[in-house]
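Participant: have a look at this fold, sequence not included:
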């Protein structure tokens, strides 16, 4: 068991900071400051009556993420104490996939996913993104206005991931709706999980009966010899983890770009790469804000706090990003600095980083080529955010632009 340094005083567990209400969605930064005031590890609440330790300090976060002997991703002990109707159960309960396992089981699941995605060539993934963007712009381009969340970022990911896993475009709305409800972690989470679970099960059943040139079929035939149930749960986690965070990454980056006309002009002129905006979001406004979830294998003292086993410990990437932005104010700009922890760290670091970056940057480049005069309808500080402890996600991003049709020569990317 690793011994950790402790400050002189631990915090009281009497006043958890809420991470689930509309107030948190509207102003997460004040909540992060309240947590930070408690020390490297704060005491928060993921839902009414659902407490968790919240790590807001980078050193403490790295101590956890690089110490698998002390910390586990297996949530089954917590799950045994959770209420059956807990609004966060759908996001935290154990499943046989890489997110909720350690050691050899984690490595087996992770290897199968990496090997599957390695079969998708970058140029092929780029073409899938372009196809999906073109299809969506073809729908709303002639109107001259759109919501870049519900009309673009989220349906874009359903089109891309449906295509990768072997489903037709006609199934996109079903995926879009079920994952959205699941990820918010509120009253609709259980219904969203149930619908999404049916969706994935039907897909794996169809591919078990008849293979295709897609990720689902490759997982079924992988040398890891995954069971039917294991394939279901690999598809379940990969589609969800790929869809919602990447959609939020695209929307959050577009909102930052469009909220700064000078920034936008440098991107559309080609003098500044889109990757700068994407990395800025990952550093300071990461879309998966509070989903680095671990559990102490045994109760222990950690950075001045007595951490009980079977209570979630959340590495708050959102708070780490917020405080890094405050610290960077006035400092030299290093757009390609990868010091953020949005991808996680250690053995559970996101295995599909390059694919996510390719999807996000290509999507933003493609839509700004199609619609070079995108203009936000309202200032960024007036935009509304979806509630929930785990994600940083806009409710909408309304824009207007000169109407375009696919046959408008000047607008063709």
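Facilitator: Yes, it's here. Quick caveat: nothing in here was measured; it's all calculated off a predicted structure.
Participant: and the strands in the stretch 1-150 of the chain?
Facilitator: For the stretch 1-150 of the chain, the strands defined by DSSP state E, counting those that start in this stretch occupy 17-18, 41-47, 50-55, 71-72, 145-147.
Participant: tell me where the stretch 251-400 of the chain has helices.
Facilitator: 261-268, 274-284, 317-328, 353-370 (DSSP state H, counting those that start in this stretch).
Participant: out of those, flag the one nearest residue 230.
Facilitator: helix 353-370 (21.4 Å; CB to CB). For every residue, glycine as well, the C-beta is placed using N, CA and C.
Participant: quick one: mean pLDDT over the closest one.
Facilitator: What helix 353-370 shows for mean pLDDT is 95.
Participant: what does stretch 385-405 give?
Facilitator: On average, stretch 385-405 scores 94.
Participant: can you give me the buried ones in that stretch?
Facilitator: 385-394, 396-399, 401, 404 (16 or more other CB atoms under 10 Å).
Participant: just those: which are in strands?
Facilitator: Among the buried residues of stretch 385-405, DSSP state E puts 398-399 in strands.
Participant: tell me the two of the buried residues of stretch 385-405 that are most distant?
Facilitator: Once CB to CB is applied, the buried residues of stretch 385-405 give 389 and 404 as the farthest pair, at 38.5 Å.
Participant: where does the stretch 251-400 of the chain have low pLDDT?
Facilitator: 268, 270-271, 325-339 (pLDDT under 70).
Participant: any weak-confidence spans in the stretch 101-250 of the chain?
Facilitator: 180, 182-188.
Participant: neighbours around residue 225, how many?
Facilitator: Using other CB atoms under 10 Å, residue 225 has 10 neighbouring residues.
Participant: SS state for it?
Facilitator: coil (DSSP: H, G, I helix; E, B strand; the rest coil).
Participant: which ones are touching residue 189?
Facilitator: 87-91, 181-182 (CB atoms under 8 Å, 6 or more residues apart in numbering).
Participant: what about these, which are in helices?
Facilitator: 89-91, 181-182 (DSSP state H).
Participant: I'd say residue 20 and residue 46 touch.
Facilitator: Yes. Using CB atoms under 8 Å, residue 20 is in contact with residue 46, at 6.0 Å.
Participant: more neighbours: which of these two?
Facilitator: Shown here are residue 20 and residue 46; by other CB under 10 Å, residue 46 has more neighbours (26 against 22).
Participant: so that one touches residue 17, yeah?
Facilitator: No. Under the criterion of CB under 8 Å, residue 46 is not in contact with residue 17, lying 10.5 Å apart.
Participant: right, and residue 94 touches residue 77 too?
Facilitator: No. If you go by CB under 8 Å, residue 94 and residue 77 don't touch, sitting 9.3 Å apart.
Participant: wouldn't residue 231 be in contact with residue 203 here?
Facilitator: No. The criterion here is CB under 8 Å, and residue 231 misses it with residue 203 at 9.7 Å.
Participant: any idea which residue sits dead centre in the protein?
Facilitator: residue 245 (2.6 Å; CA atoms, centre = their mean).
Participant: ok, residue 97 to residue 230 distance?
Facilitator: From residue 97 across to residue 230, the span is 8 Å (CB to CB, to the nearest Å).
Participant: overlap of the contact sets of the two?
Facilitator: residue 109.
Participant: which stretches of the stretch 51-200 of the chain form helices?
Facilitator: Going by DSSP H, counting those that start in this stretch, the stretch 51-200 of the chain shows helices at 58-65, 76-79, 89-92, 103-118, 122-140, 154-165, 172-184, 189-209.
Participant: avg pLDDT for the second one?
Facilitator: Translated: helix 76-79. 97.
Participant: do the same with the third one
Facilitator: Averaged over helix 89-92, pLDDT sits at 91.
Participant: list the contacts of the spatially closest residue to residue 389 that is not a sequence neighbour.
Facilitator: Distances taken as CB to CB, 6 or more residues apart in numbering place residue 19 nearest to residue 389, at 4.0 Å, with adjacent residues excluded. Taking CB under 8 Å, 6+ apart, we find residue 19 in contact with 28, 31, 44-46, 54, 290, 389.
Participant: quick one: buried residues of stretch 65-78?
Facilitator: 65, 68, 70-75, 78.
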